[in-house]
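A.B. asks: Please find the sequence and the predicted model below.
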Amino acid sequence: MSREIFLQEDSLITSKTDLKGKIVYANDDFLKYAGYTMGEVLNKPHNIVRHEEMPKTVFKYLWDYMKEGKEIFAYVKNKTKDNNYYWVFANVTPSIDVNNNIIGYYSVRRMPNKSAISTIESLYSDLLRAEQQQGL
């Protein structure tokens, strides 16, 4: 059975990806909480930490929004290398070049508001159930 890992209040999990979602940078907190080494995550899809209880619908919406160059905030349940999990409050912004083209994405994750997690868990559970019924 998996167990929840709790972020410390001063933790800032940071990562950068290319346009296809491959990790090009991860800070020490990312590696600490996810349980990976830098060599294990560099050039790997960021969904290496995606928990299976996260609805696909949420990520589709987030990616659609980010591709438009918009900043997003979301509660996300991540998976560790050893199949435990941790909740984060994520802020993702596009990285842009001098010509204003999106060249990747920059994400900072913090300790989430604990009282919001129970509401989010219920909502995500309903979304997962709907996805399974619809065959998504």
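C.D. replies: Right, received. Where do you want to start?
A.B. asks: Distance of Asn113 relative to Lys67?
C.D. replies: 27 Å (C-beta to C-beta, to the nearest Å). All C-beta spots, glycine's among them, are computed from the backbone N, C-alpha and C.
A.B. asks: Please disregard the earlier target; I meant Ser107.
C.D. replies: 15 Å.
A.B. asks: likewise Lys114?
C.D. replies: Distance of Lys114 to Lys67, computed by C-beta to C-beta: 31 Å.
A.B. asks: swap in Ala34?
C.D. replies: Note on Ala34: its distance to Lys67, by C-beta to C-beta, is 24 Å.
A.B. asks: again, but for Ile103
C.D. replies: 12 Å.
A.B. asks: again with Ile96
C.D. replies: Distance from Ile96 to Lys67, by C-beta to C-beta: 13 Å.
A.B. asks: Just the residues contacting stretch 7-26, thanks.
C.D. replies: 27, 29-30, 33-34, 36, 38, 41-48, 86-88, 95, 102-112 (C-beta atoms under 8 Å, 6 or more residues apart in numbering).
A.B. asks: Quick one: end-to-end length of that stretch, please.
C.D. replies: 16 Å (C-alpha to C-alpha, to the nearest Å).
A.B. asks: distance between it and the chain's centre?
C.D. replies: Taking C-alpha atoms, centre = their mean, to the nearest Å, one finds the center of stretch 7-26 at 8 Å from the center of the full chain.
A.B. asks: Mean confidence (pLDDT) on that stretch, please.
C.D. replies: In this model, stretch 7-26 carries a mean pLDDT of 97.
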